[in-house]
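**Student:** model the following, please.
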Amino acid sequence: MFIATLLTNPETPVLDRATVESLRNAWGGGAARWLDPGVAAEFELAQAPENLWQVWQDLQGLRIDLALQPAEGRRKRLLIADMDSTMIRQECIDELADEAGVGAHVAGITARAMNGELDFEEALRERVNLLKGLPETTISSVLRDRITLMPGGPVLLATMRAQGAYAALVSGGFTAFTSAIAAKLGFDENRANTLLAEAGRLTGTVADPILGKEAKLQALEEITARLGLVPQDAIAVGDGANDLPMLLRAGMGVALHAKPRVQEHCALRVNHGDLSALLYLQGYSRDEFAA
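**Tutor:** Model prediction:
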């Protein structure tokens, strides 16, 4: 059996009963279950429909996301998440670069790297080199003044942890940011790269080894093994090409507002919903969300 989930942005709830029932009838699905009126609904299917991606494309124009996945084993025991443009709205290195006066140049490199057009490690070293001389205190001011949480993140963490799940933040960004965001949201652990500094200023270098796409995959495999789980027990979320191996290995890999090259490879794509979509995809209803 499969589950088809329709969802949209909770801030602009545009999912109506007619849309859900029309699709359910067309696909011969089971009774619709509303997870959150106007925001998310699901129904069972005996088999995957042949026109899934055409319907998905049509619904995108209505600001509705559609996901299809096996009905069994949807509730996951590990959340493993990217940070930049996933758990937070920004790319931390771009914000630091803006403070250093090279924001536009670095943002362009970041966009290409996240879409898989550049080698991640080389692109990271190039961007970090442009931060050389920036006061180390800029990190705390950027965290305070520029970084905002992605909507739905706090309730995602609270709900999954209330159900006994473990949460890991695994980023190609920097520990100075992941440690703060992990503490704020309630992650059990965080991994990232370390920016090096001397005499209170960034040196323009990053500690080796660099945490890139293979390290994210390794983190998934290490953490599941340590917890006595398997990757199938994990839900992973990210937006960049360096997240792809992790997304494809996890039992549920969600491309959240992801780059085009990432979406091409991921069956679960959330372009309109926020991070609470990860709860709806696991079958949680709104009244099951933790405070």
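
**Student:** show me the helices in the protein, by range?
**Tutor:** 17-27, 52-60, 92-99, 103-114, 120-129, 138-145, 153-162, 175-185, 213-226, 244-249, 260-265, 277-281 (DSSP state H).

**Student:** so the second one versus helix 17-27, what angle?
**Tutor:** Meaning helix 52-60. With axes from the mean of the first three to the mean of the last three Cα atoms, to 10 degrees applied, the angle from helix 52-60 to helix 17-27 works out at 170 degrees.

**Student:** against which helices or strands is helix 52-60 packed?
**Tutor:** On a contact count with 3 or more Cβ pairs under 8 Å, 6 or more residues apart in numbering; DSSP states H and E, helix 52-60 meets strand 65-70. Bear in mind the C-beta positions are built from the backbone N, C-alpha and C, glycine included.

**Student:** off-centre distance for the strand it packs on?
**Tutor:** 16 Å (Cα atoms, centre = their mean, to the nearest Å).

**Student:** now do that strand and helix 52-60, the angle between them.
**Tutor:** Counting by the same axes, to 10 degrees, strand 65-70 lies at 150 degrees to helix 52-60.

**Student:** mean pLDDT for the helices of the chain - can I get that in TSV?
**Tutor:** Shown next, in TSV, are these (pLDDT from 0 to 100):
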stretch	mean pLDDT
helix 17-27	98
helix 52-60	98
helix 92-99	95
helix 103-114	93
helix 120-129	94
helix 138-145	97
helix 153-162	98
helix 175-185	98
helix 213-226	96
helix 244-249	98
helix 260-265	95
helix 277-281	98
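
**Student:** of the ones you listed, which stretch is the most buried?
**Tutor:** helix 277-281 (a mean of 26; mean count of other Cβ atoms under 10 Å).

**Student:** re earlier: looking at the helices of the chain, which is nearest to L35?
**Tutor:** Checking the helices of the chain against L35 by Cβ to Cβ gives helix 277-281 as the closest, at 5.1 Å.
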